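Asker: need the 3D shape of this:
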Amino acid sequence: MEEKIKRVASRTKMLFVYFWMLPVFLVVFGETGGEWVGAYAGDVRATYFAETVTILLTAVLVPVSLKLFSWVLTKQIDVVAITDALRLYALWSGVRLALLAVPVLAGFLTYYMMLSNKGVLCALIVLTASLFCLPGENRLRKELHIDKE
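Answerer: Numbering: from 1, shown residues only. Presented below is the predicted three-dimensional model:
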C-alpha cells in the first residue's frame, strides 16, 4: 500500500511540474518572436473578445477547479476503498490542473497575440491559484485520511 501511495504522490507531483512547464514554454515561445506575436494588436474587436474570454475563463475556472476537487474528494473519493480512492485522487488532480491550464493558455495567447497585459494578469492569477494545489505525499495522506503506519 505504501508503494501505491508513493506512486500516486509522485504522479501528481509530475503532473504539477508539467502544468508549470506550460507557461514557461509559452513565455519562451512568445519571447523568441515569430509572426504570430502581435498579430491582432491593432484589431480592437479581437482584442476585446480575447480579453473578455480570458477574464471569464479565469473567473469561472479558478473557483470551479478548486471547489470541484474539494466536492469530489468528500462526495466520491472518501466513500470508496483506498485503492480506488488513490486512483480517483490522481485522476481528479489531473482534471483540476487541466481546468487551470485552460485560462493559463488563453491568458498567454492573449498577451502575445493581442499585446494585452490583461491576458498575462489572468495567467498569473491562475498560476497563483495553482499553488493551492501543490501536491505531496503528506497532503495526499491528509486529504485521504491515511495514517502513516
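Asker: counting by contacts, list what the helix or strand where residue 49 lies packs against.
Answerer: Element membership of residue 49, judged by DSSP states H and E, is helix 44-72. Where contact means 3 or more C-beta pairs under 8 Å, 6 or more residues apart in numbering; DSSP states H and E, helix 44-72 is packed against helix 82-114, helix 117-130. C-betas here are computed from N, CA, C, even on glycine.
Asker: would you format those helices as CSV with mean pLDDT included?
Answerer: Listed next are those as CSV, based on pLDDT from 0 to 100:
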stretch, mean pLDDT
helix 82-114, 96
helix 117-130, 97
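Asker: so which of those helices comes closest to residue 3?
Answerer: Ranking the helices and strands packed on helix 44-72 by proximity to residue 3 (C-beta to C-beta) places helix 82-114 first, at 10.8 Å.
Asker: circling back to that earlier point, next, the angle helix 82-114 makes with the helix holding residue 49.
Answerer: With axes from the mean of the first three to the mean of the last three C-alpha atoms, to 10 degrees defining the directions, helix 44-72 sits at 170 degrees from helix 82-114.
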